[in-house]
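In: how would this look folded up:
(chains A and B)
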There are 2 protein chains.
Amino acid sequence: MNKINLGLIGYGVVGSGLVKLLAKRKSYIKNKFNAEFVLKTLCDRSIEAKNPQGLLGTALTTKYQDILDDPQIHIVIELIGGMNPAREIVRGALSKGKHVVTANKELIANNGIELFQLAKEKKCRLYYESSVGAGVPVIKTITEGLAGNKFSSIYGIINGTCNFILSEMTQNNVSFNQALEEAQKRGFAESDPSLDVNGIDSVHKLAILTYLAFGKAINVKDIYREGITHISHDDIEYATSLNLAIKLLAIAKKEEKKIEARVHPTLISKDHPLASINSIYNAVYIKADPLGNILLSGEGAGQMSAASGVVSDLINFVASGQDATLACNIYSEATGLELQPIDQVNTKFYLRFMVIDKPGVLSIITGILGKNNIGINSVTQRAHNRMAAVPVIMLTDYTSGHMLRLALDEINQLQVVKSKPVAIRMEKLW
Amino acid sequence: MNKINLGLIGYGVVGSGLVKLLAKRKSYIKNKFNAEFVLKTLCDRSIEAKNPQGLLGTALTTKYQDILDDPQIHIVIELIGGMNPAREIVRGALSKGKHVVTANKELIANNGIELFQLAKEKKCRLYYESSVGAGVPVIKTITEGLAGNKFSSIYGIINGTCNFILSEMTQNNVSFNQALEEAQKRGFAESDPSLDVNGIDSVHKLAILTYLAFGKAINVKDIYREGITHISHDDIEYATSLNLAIKLLAIAKKEEKKIEARVHPTLISKDHPLASINSIYNAVYIKADPLGNILLSGEGAGQMSAASGVVSDLINFVASGQDATLACNIYSEATGLELQPIDQVNTKFYLRFMVIDKPGVLSIITGILGKNNIGINSVTQRAHNRMAAVPVIMLTDYTSGHMLRLALDEINQLQVVKSKPVAIRMEKLW
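Out: Predicted coordinates for the structure are as follows:
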């Protein structure tokens, strides 16, 4: 029997879920994996207030150093999130020869390489499956399941809060604010939801996926980011009528030496499997060579999903050999891959203009688009009203972010255009 | 650098794909995984006719014993399929202390436990990712990605040929035979497609999944099996109009001590993600605790997909450490799980009767169903024609296979019923 002593730092939502799950699976893990995980020490800065129950034999502390200094602890589980002191904790644990399991996407996105290198030096292992997709084994699929494949693109719905809000807006005809309120009521959004709805959380996860798939570490601040707060119910309705669904996608693509990495609301065909990933579900859709297109989906958020990912990491730790190297492979493409600025990224666009309904307006707008070399695939005017502004929806052909910006700046200044034009990128996933 | 000598047995479609892929990924595998796979010996009973090209330094043989007897070969790759001599090859290799990678579903389904035990005794590892879903990492997801979860059900579209045929019949309004012909033309079906279309291939794969998910080895001949050859285009059309899609599903469920394991055409809601898995794609939809519902999908058939799975196995072998135990965990639920005979399995049914269109017929049929305690959720008569037989479609409530059989036997003998009633099981996946 493998008896492994754990030190858990962070007794919040995920930490307490983990403690519950480990207790519930104790005999199963013994029987199936011949392993026993003993929670030797639990650290939380407000451990007294949280007053954990049923932890026989577990030492409680408010000082994480107690865990780092304990030579009997084999694995440190970091579940406090954020950069500090998480980075010191993970570095400290690895430096002392302890293995680490973390769910901290921000830390891995920003300091993954440094930490993987330290782990390698110290012959320790660093697991972080829950950092993307929580318990859905996205990282294992890319690093192990598809080992030997090369990747050309990844499309991820990797923020459950945003996916819930957009699904809610689509299915129940509600506004962003109403959907957000519902998400908060059901525990799917934080009281301060900005990290989620502004796309920051997705950017962190995308940085990890980009590194794992392409061997390219991208500075998170260089990843283009657009959240979902400006998505209106009207646009969802118009998109639906065009057989399009809206998702906050995290997209990474590689073509020759060029890499794209971007997070933004995206219109995709309603017939694509990703379009039917709703509510708090996460999904990644990966194009791999030679395997083709892979879709992996599941509940990528919530207490027990993240706890499930941590338990999988712990079991994978015991069940893989001492000298296993898969968990944090330090691999960089030897030759420089270059991140494309969003201005140079070509996509199709959904555009909505609110215009005065009079002859010649369409011609002015399409003229400006044409001057900027932007082809138009379809135009729909949604209503006629000589008095008020009416929406005109255009779907463009491929154009760069730069050209589109030039065109929209000019169109925005027209007298006949009554509000800032809306532009949403489209992706063809097949 | 890990230099690993391979002996490959079977140079058919997958074997030759593997050789190509290993050559193509040679430097990538060196750089990323610090490993070099050397194909030391290639065995095929018609190696001369196949005349493999570009294999510098690889010995060619028609005798697999040459590979088993070579002490310099570390891993034997078995890609001949079938039971004999595959079983002798895998047993022989393990007995001699060689690790094994195989894609052989029939062998693992029938002799998995024996082989896992032998591997354990000999401290060898046995990998078989390609046996289910080819390169789609279904096995890794269940055994490693979701480690720590318990499973309650698995729904698999795990035969690409059948899925292609059913998709083709649905999307292009063609008959089974026309769709099969198209599949053969495009290389998606064997010239003798019976193992696929009769559901035997799916049964083998389901036996593997049932063992991995529930720790229960089921004799493949005890798994209920119904192929797709009797599916008519009419039924697909009627089902479509009821918002149902038809898939050949491999289903395993566990409730308390009872297990169901069955392969049959199944009607599911068109709104469920599995319904949009078309063409040669495979998918598994898994209900796990605590993770919830997981969907994994990709191209689960074809030369390069299977080759991709084998390469992943090889890389996972090198990267997971000498004493790794994950690959073939021998785990049986301590307490006896009991396989439910199909007669005792409760499902809803789609029924189609071809009846004489005259008053009172519906009442006779529903009377017989009612006498057998079979509730009816909806009835649709598709046309009126006083001269010829017309189809009547009924969707039942939950009933056992036994009760349904009794009812249909009686209905089938009615004068007003003009052909054998059609019954297709339905599943509610949410």
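
In: Can you verify residue A:53 is assigned to a helix?
Out: No. Counting by DSSP: H, G, I helix; E, B strand; the rest coil, residue A:53 falls outside a helix, being coil.

In: and it, how many neighbours?
Out: Using other Cβ atoms under 10 Å in any protein chain shown, the number of residues around residue A:53 comes to 7. From N, CA and C alone the C-beta is placed, and that goes for glycine too.

In: Quick check on it: phi, psi?
Out: phi -110, psi 150 (degrees, to the nearest 10).

In: How confident is the prediction for it, by pLDDT?
Out: For residue A:53, the pLDDT comes out at 86.

In: Give me the phi and psi angles of residue A:316.
Out: phi -60, psi -30.

In: any idea how far chain B is from it?
Out: 6 Å (Cβ to the nearest Cβ, to the nearest Å).

In: Can you tell me the SS state at the closest residue in space to that residue that isn't next to it in sequence?
Out: Once flanking residues are discounted, residue A:316 sits nearest to residue B:144: 5.6 Å by Cβ to Cβ, 6 or more residues apart in numbering or on different chains. At residue B:144 the chain is in helix, as set by three-state DSSP.

In: and residue B:144, how many residues sit next to it?
Out: Count around residue B:144 with other Cβ under 10 Å applied: 24.

In: That one reaches residue A:140, doesn't it?
Out: Yes. Using Cβ atoms under 8 Å, residue B:144 is in contact with residue A:140, at 6.3 Å.

In: joint contacts of these two?
Out: A:312, A:316 (Cβ atoms under 8 Å, 6 or more residues apart in numbering or on different chains).

In: got the residues of the stretch 301-430 of chain A near chain B?
Out: When proximity is defined as Cβ under 8 Å from any Cβ of the partner chain, the stretch 301-430 of chain A approaches chain B at A:304-305, A:307-308, A:311-312, A:314-316, A:319-326, A:329, A:331, A:334.

In: Bridge partners for residue A:250, pull those for me.
Out: residue A:156, residue A:263 (DSSP bridges).

In: ok, it to residue A:283 distance?
Out: 11 Å (Cβ to Cβ, to the nearest Å).

In: So between the two, which is more surrounded?
Out: residue A:250 (30 against 26).

In: Run a quick check on the more buried one versus residue A:158, I expect a contact.
Out: Yes. Between residue A:250 and residue A:158 a contact is recorded at 5.3 Å, counting by Cβ under 8 Å.

In: circling back: okay, the residue nearest to residue A:316 and residue A:141: tell me how far apart.
Out: 10 Å.

In: Equivalent analysis for residue A:57, please.
Out: Taking Cβ to Cβ, one finds residue A:57 at 36 Å from residue A:141.

In: Can you pick out the residue with more neighbours from these two?
Out: Under the criterion of other Cβ under 10 Å, the comparison of residue A:57 against residue A:141 puts residue A:141 first, with 26 against 7.

In: Model confidence at residue A:155, what's the number?
Out: Confidence score, pLDDT, at residue A:155: 98.

In: my read: it touches residue A:261, true?
Out: No. The pair formed by residue A:155 and residue A:261 falls short of the contact definition of Cβ under 8 Å, at 11.9 Å.
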